[in-house]
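[1] No letters, just coordinates:
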C-alpha cells in the first residue's frame, strides 16, 4: 500500500522532471519543427510542411565545405590533443618535478578565460606568423581549448590505476613501452574516450575563437552558420541543426554502446 | 658469505632533501633457497631495500649481485625477479589466467607450454578452478594466491614479497603464511620477505634481518635473534621483554652480579663483560610467579595489572618502583590486583645485551 504523501511526492517530482526537460529541450523542438516548415522565414508553428530546406542544405556549398573543414579539424585536434594530453597526464601523475603543481593547476583549472579574450590573443599571436586563416592556425587555436580537458580526464583515469600494477608488469618482464600498451592504456580507456569526445565536440562546436582566427580563408561550420544567420532568415540553419543533432545522438549512442558493452563484459 | 646467491653490499639509498639515508650501507647475503625476512618498524628501509633488489628504485651506491652477476644497473624487466605486492596489483582488465600468463607472454614462451605452466602455477596455489574468473571477483586471500602464482610462474631467480599478508584478516594471514612457506620449500626458491609483523617473520623465516632507520641491526636465525638480541632496539622490537640497567658488582664462574636500581643484586649467566654497567633482559614468560623451588633471582612485588588471555595471564608487577612483566601459564584464577607475590628467574633465564 502506497501512502498518500508518497503519491503526492511522486507526482510533484514527475511534473518537475518533465518541466526541466521541456525547458531544456523546447528550443530544440522548435528548431526541429521549423526545419520542416515551408515558409521562407523562420515561422513557428509553420502553416505548411516541406523538406525543401533539407534539399537546399545538400546543395549549399558553403555549408558542405564548412562541415568538411570542421570534421577534419575536429579529427586532427582530437588526435593531437590525445597524444599531447596523455603525455602530459603521464608526466604529471607518474613523476615528481619542480613546478608540477603549477602545471597541474594550469591544466586542471577550468577555462576561466573568456573566449573573446582568448580569440583576440590568438589572433595577435597567430597573425604575425602567418597562421591566420590556415588549418594549422585553427588546430593550434582549438588545441589551447581541448588539451586541458584531455589532461583532466586522463589524469583522473591514471590516478585510479594502482601504480603497482605497472610495476608488477615491469617485474614480469614488460619494458616501459609494453607496460604502457598492455597495462596502462587499457586501464585508462574510459578517460581517453571521454577526453576524445570532449575534444571533438569542443572543436566542432567552437565559434568565438574560430571567428577570430579564420580570417577570410577557410571557415568552420559554426562560423558559416553564424555568418549565414546574420544575412539570411530562412530555416536552412534549422535543417542543419537537426542533421547535427541526429549525428551527435548517433555518436553518443555509439560511445555508450562501446563503453557500456565493455563494462558488461568485465562483469561476465 | 662465500656462496651467497643474492648479495647486497654497501647498499645505500639517499633521497635529495633528506638528511638521513633511507637505506644505509646494507650488507645482506642470502643463500640459495633461503627464506629471509626483512623486519622492522615502518620507515626502517626494508621496503626500499626490497624495491632496490627488484630494480624499482635505483640505489645511490652499493651493489646487488645474483649468483655472482652484478645486476645493480639492470632494468626491472630484465631482472627475472618475482614480486608480490601488498595491494596484490593484479591486472584488473585481465582474467586470472591471463594475469598468470602475462609474464610467460613477455618471455615469448610457446603457447602450449604457456597453457601447461599457467595450469601448474594455479594448481600450486589450489585455485585452478578460478582461471577464467575476473580479478574483481576474487577475495583478498585468493587475489594474493594468484599474485603469488603470477610471480612464480616465470621461475624467477628470487621471490620478493612486500608485506603480502598485511591486507588480509588474521585467520587468513596465518593460513597463507603456512602456504607461502610450503610453496617456498617445494620450489626451493630464494625468497626475501618484507614485514613489520614479527610473528610472521619468526614463523616463516630461515633467517631474520632486523632493520631500523635504514641500517641492519641484526641478522640471524629467528630463535637466535629472539633469545640473544644484539642491542636494546632488537630486544625491544622482537617480542615483549624486561630490561634492567645495572652496575657490575662482580663475577664468578660465568655468572655476572649486577646492582640494579630497586631490584637489588641480580645474577645472570654471561660471557665476559669488562664494562662497568650492563643491561639485563628477561622475557616475561621466563619470570615465574611464586616459584616452588629456589631461584637465582628472587624478588617480591605487588600486582598492578593482570590481563587474562585464556592460555596465558599477562601480569605487571611493581617491585620497589620497577615494573616487571611476567606471564603465567596454566594460571586458573587470575591474580588479584594489589596482591603481594614472589617472583623469580634463574641466572640462565636472563641475558646480558651486548650493546
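    Received, thanks. What you are looking at is a predicted structure, and each value in this text was computed from that prediction instead of being measured.

[2] Report the secondary structure element holding the spatially most central residue of chain A.
    Residue closest to the average C-alpha location in chain A (Cα atoms, centre = their mean): residue A:201, at 1.7 Å. Element membership of residue A:201, judged by DSSP states H and E, is helix A:189-205.

[3] for that helix, packing partners?
    helix A:61-94, helix A:135-160, helix A:221-231, helix A:236-267 (3 or more Cβ pairs under 8 Å, 6 or more residues apart in numbering or on different chains; DSSP states H and E). All C-beta spots, glycine's among them, are computed from the backbone N, C-alpha and C.

[4] redo that, cut-off 6 Å
    When contacts are defined as 3 or more Cβ pairs under 6 Å, 6 or more residues apart in numbering or on different chains; DSSP states H and E, helix A:189-205 packs onto helix A:61-94, helix A:135-160.

[5] Would you mark the buried spots in it?
    A:190-204 (16 or more other Cβ atoms under 10 Å in any protein chain shown).

[6] Closest one of the residues you listed to residue B:220?
    residue A:191 (50.0 Å; Cβ to Cβ).

[7] Now do the closest residue in space to the closest one that isn't next to it in sequence against chain B, distance only.
    Spatial nearest neighbour of residue A:191, chain neighbours left out: residue A:157 (2.9 Å); criterion: Cβ to Cβ, 6 or more residues apart in numbering or on different chains. Distance from residue A:157 to chain B, counting by Cβ to the nearest Cβ, to the nearest Å: 12 Å.

[8] you'd agree residue A:157 is up against residue A:192?
    No: at 7.3 Å, residue A:157 does not count as touching residue A:192 under the criterion of Cβ atoms under 6 Å.

[9] which residues do these two both contact?
    Counting by Cβ atoms under 6 Å, 6 or more residues apart in numbering or on different chains, residue A:157 and residue A:192 have no contacts in common.

[10] quick one: low-confidence ranges for the chain?
    Answering for chain A, as no chain was given. Across chain A, the ranges flagged by pLDDT under 70 are A:1-2, A:108-111, A:217, A:259-268.

[11] Switch to chain B, please.
    If you take pLDDT under 70 as the line, chain B has these spans: B:1-2, B:272-273, B:331.

[12] residues from it in reach of chain A?
    Counting by Cβ under 6 Å from any Cβ of the partner chain, chain B comes close to chain A at B:54, B:56, B:76-77, B:81, B:83, B:85, B:87, B:89, B:91, B:93, B:102-103, B:106-107.

[13] So chain B: which segments form each domain?
    Chain B is divided into the following domains under automatic domain parsing: B:6-236, B:240-353.

[14] Next, the buried residues of the strand or helix carrying residue A:20.
    In the assignment (DSSP H and E), residue A:20 maps to helix A:4-35. With burial defined by 16+ other Cβ under 10 Å, the residues of helix A:4-35 counted as buried are A:31, A:33-35.

[15] Run through the neighbouring helices and strands of it.
    helix A:236-267.

[16] What residues sit buried inside the helix it packs on?
    Quick answer for helix A:236-267 (16+ other Cβ under 10 Å): A:236-244.

[17] Which one of those residues is nearest to chain B?
    residue A:244 (34.7 Å; Cβ to the nearest Cβ).

[18] measure that closest one to residue B:281 for me?
    As judged by Cβ to Cβ, to the nearest Å, residue A:244 and residue B:281 stand 82 Å apart.

[19] same question, residue B:152
    Counting by Cβ to Cβ, the gap from residue B:152 to residue B:281 is 39 Å.

[20] next one: residue A:167
    Applying Cβ to Cβ to residue A:167 and residue B:281 gives a distance of 40 Å.

[21] same check, this time on residue B:348
    When residue B:348 is compared with residue B:281 (using Cβ to Cβ), they lie 13 Å apart.

[22] Comparing the two, which residue is more hemmed in?
    residue B:281 (22 against 13; other Cβ atoms under 10 Å in any protein chain shown).

[23] near chain B, which residues of the stretch 51-200 of chain A?
    A:162, A:164-165, A:167-168, A:170-175, A:186.

[24] Can I get the buried ones among these as something I can paste into ChimeraX?
    To isolate the buried members of these in ChimeraX, using 16+ other Cβ under 10 Å:
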select /A:162,164,165,167,168,170,171,172,173,174
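
[25] The nearest residue to residue B:8 once chain neighbours are set aside: neighbouring residues, count only.
    With sequence-adjacent residues excluded and distances taken as Cβ to Cβ, 6+ apart, residue B:8 is closest to residue B:28, at 4.6 Å. Applying other Cβ under 10 Å, we find 22 residues neighbouring residue B:28.
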